[in-house]
Structures are given as structure tokens and as C-alpha cells.
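Asker: test case, fold it:
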Amino acid sequence: MGEFLSQGPLFLICLIFMMGIVVVIHELGHYVVGRWFGAAVESFSIGFGKPVYERTDKNGTRWRVNWIPLGGFVKFVGEGQLAGDVGKIETGPVGKPYSDLGTGQRSLVSLAGPFANFILSSLIFALILGVHGRPNLQVGVMSVADGGAAQAAGMEAGDSILEINGKKITNTGEVIVAIMLNPNEQMDFLVQRGDEQRHLAITPVEVVRENDFGQKVPQATIGIALGAVSYGDRITYNPVEAIGQGVLETGSTIDKTVTMLSRIVTGKMSMHAMTGPVGIGDISRRAVNQVWSQDQFTPWQRLQQLFWMLISICAAISVGVGFFNLLPLPVLDGGHLVFNAYEALMGKEMPQKVQEVALTFGLILLLGMVVVITWGDIIETGLFGARGG
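Answerer: Residues are numbered from 1 along each chain as shown. Modelled structure (predicted):
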């Protein structure tokens, strides 16, 4: 606990940095498309609570930096974000009330935030792949734990993993992610053993263990240690190819997010597999510590390594924020899409009382999720000692 508290400023800086970029881009997406359609904007806020800085532009929009530097929001005139906003029309900002936009236009405004997140992640992935390319190596099994799922299935040290569930393996990360996303689900491993190829049916087991950042988290494992046994030529991309690969990487990350969420909803993965702002800040803090402890590198080399590590985390967070906001909860962008769909089908706005109840219920549900995820994140930081299990 003492170590955690002593690194409090580092934790906060990492948390603000990681969440700030993603949230600002998300809200800018809403703002740009809303203004494109002529909607009046009451405020654009970074953070929550009372403002520490505020100015009003020529269009009457209040630009605010608030004292709780997590998250943010853009508020259009007449937009019902919370129950108390329904039917309320603010005066002053230039433009038309949000309700005067057509359902199609409002839907595009709602989609613009998540879409902006996906653009951000695609550009970050493109930058990483354009500069570093992709590793192309043969992944080997360095050791097999006694009593683990891999040993029970007949996997041996010295095997090379060629495919998992029919997908070719080119780096260790692909193996780790595939196992993590399939707890208690039988998987088909194609391995090379000498001159022979074998198919092994292995079922990962979810246990509480340390991840790559030293957090104690529930993760699926088969009980093996991985390493590279041979290296092929690194796959490189020109700028155009890198952008295309960045889009594909974003799509792949969305697919993994959907898989993880479906596993959580069906009870096949722990709820604590999800990470909130506290967990993001803790991961960033641990990443800084890991990089800065490598005394064999110069400070400049460590800064470069830290930059690439943090922006790769930022890309993953951006995908997560974009996808999460598409969920059909009334207080999220997906919920507004549901309201718009009702209006388009019925030819009239959803009754205000129904909107108020839905927004209140959605807020309570969202806060409940935040509490559960945040508590899990706090345990994983080690603030109260390691999680049992």
C-alpha cells in the first residue's frame, strides 16, 4: 500500500493522460457532427464537477475544464442526457435545439463519438504497424506446468504452436489472447513436434494470477511458458497498407471485445476481466515502472519504449470506449439510438415520462457497473494486498 500511495501522482498522471485523449476525441466526434447539422451546443466539458477553467465562444458554447479530470461530455441544447434534461431547452447558444434535428441526423451525432474512437484506434495501430511492422515468428512451448490443461492434453516442451482453432499463429500475443478469451472452452491446437504435426484438444481454465503488468486478475491459462523458436522476416507496411492494417486491427479488437463481453454475460468469464478508469491508470503506472526500471537503456530509449507502450494501450482503450458507448443503455449513445429508432418507427417522440424513467434506470445500472468494475480494479492495484485465489 505504501508503494501505491507513494506513486499516487504517477498514477493520476497516467490515468488522466490515457482517459483524456480517448474521451476528448469521443466528444469531439459528437460536437463536430452536431455542429455540421446546425445544432446549438450548450457546453463542451472535459472532466466533471465545478470548472477550473471556462470560456464562452462566439456561438455561446461554454468550453470547460472541470476539477475531476476523468471523462467529459458535450451537451447540445435540448438534449436529454439525464432525466432532468428531458423537455428542457437552454437559451443563449447559436443554432437549433437538438430535438429539431431529424432522427437520422441525431443518430449520426450519436454514432459520431464511437466512430471517432475507432478512427483514433485505427490511426494509432497504423502508426505502430507502419513504424514497427508485425513480428513473424514460430511460437514454441518452453515449458509445460505439471497438472495443467496442456499437460493433460499431451502438449510437451519443445512443441511449436502453428494454429489455434484454424488460425495461423505468428507471435506469442496471439496465443495468449486466444487462451484468455476462451476459458472453459475446448480449443484445437495444431502443434509441430519434430517432423510430425498433431492436433491437441485443450480446455483453458480460468485462475487468478499475475498478468504482464503484475496485477492479480482472473485469466484463462493452459499452463505453458511461451517463447520464439525461429524468426521469419518481419512483416512491413507502407503508409497506405499501414492504414488498412490499422482498420483491420481495430475490427479485430472490436471482435475480441464482443467475444469477451458475451463470455462475461453468459458467466464464462469473470466480471473482473473488464477494466475501468482505475485499472487503466494502474496499468499505465505499472507500464511506466517496468520501462523505467530497465537500467540497460538510456533515458531517451526508455522514453521511446514508454511512448509506444502507452499509445498501444490508448488504442485498445479507445476501441473499448467506442464499443461500450454503443451498448443500448439509455444514458449511452446506444440508448439514444434506441430512442431515435422508436421515434422513426412510431412517428412521434417517446413519451417524456418513459424517457425520464429509462434514463434514471440506465444511470443506476451504469453506476452499478462502475462500482463493481472499479472495486475489482482497486483490488488489482494491490492497495489492500493481493487478491486471493
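
Asker: what ranges does the stretch 151-300 of the chain have for its strands?
Answerer: 160-164, 167-168, 187-193, 196-202, 205-210, 216-221, 224-231 (DSSP state E, counting those that start in this stretch).

Asker: ranking these by burial, who's on top?
Answerer: Burial of the strands of the stretch 151-300 of the chain is given as mean neighbour count (mean count of other Cβ atoms under 10 Å); strand 216-221 ranks first at a mean of 21. For glycine as for every other residue, the C-beta is placed from the backbone atoms N, C-alpha and C.

Asker: that strand - which strands sit beside it in the sheet, and in what orientation?
Answerer: Within its sheet, and counting by DSSP bridges, strand 216-221 is paired with strand 205-210 (antiparallel).

Asker: and the strands of the stretch 151-300 of the chain: which comes nearest Gly267?
Answerer: strand 205-210 (11.0 Å; Cβ to Cβ).

Asker: so Ile283 sits right up against Ile313, yeah?
Answerer: Yes - Ile283 lies in contact with Ile313 (Cβ atoms under 8 Å); the separation is 6.5 Å.

Asker: more neighbours: these two, which one.
Answerer: Set Ile283 next to Ile313 and count neighbours by other Cβ atoms under 10 Å: Ile283 wins out with 27 against 18.

Asker: what confidence value was assigned to that one?
Answerer: We have a pLDDT of 72 for Ile283.

Asker: against Gly47, how distant is Val65?
Answerer: Between Val65 and Gly47 the computed distance is 6 Å (Cβ to Cβ, to the nearest Å).

Asker: more neighbours, the two?
Answerer: When neighbours are counted by other Cβ under 10 Å, Val65 and Gly47 differ, and Gly47 comes out ahead with 21 against 14.

Asker: which of the residues in the one helix or strand that one maps to are buried?
Answerer: Secondary structure assigned from DSSP states H and E places Gly47 in strand 41-56. Judged by neighbour count (16 or more other Cβ atoms under 10 Å), strand 41-56 contains these buried residues: 41-47, 51.

Asker: stretch 355-372 too?
Answerer: Those would be 355-356, 358-359, 362-363, 366, 369, for stretch 355-372 by 16+ other Cβ under 10 Å.

Asker: least trustworthy helix or strand in this protein by mean pLDDT?
Answerer: Taking mean pLDDT, DSSP states H and E as the measure, the chain has helix 2-6 as its least confident helix or strand, at a mean of 45.

Asker: ok, back up a step: columns distance to Trp300 and pLDDT on top of the buried residues of strand 41-56, output as CSV?
Answerer: As requested, the buried residues of strand 41-56 are exported to CSV (distance: Cβ to Cβ, whole Å; pLDDT from 0 to 100):
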residue, distance to Trp300, pLDDT
Val41, 42, 94
Glu42, 45, 92
Ser43, 41, 91
Phe44, 36, 93
Ser45, 36, 90
Ile46, 31, 87
Gly47, 32, 83
Pro51, 38, 88
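
Asker: now, among the residues you listed, which is nearest to Gly133?
Answerer: Ile46 (35.1 Å).

Asker: wait, is Ile68 part of a strand?
Answerer: Yes - going by DSSP: H, G, I helix; E, B strand; the rest coil, the assignment for Ile68 places it inside a strand.

Asker: remind me which residues of this protein are low pLDDT?
Answerer: Within the chain, the segments meeting pLDDT under 70 span 1-12, 14-15, 80-88, 210-215, 270-274, 276-281, 373-389.
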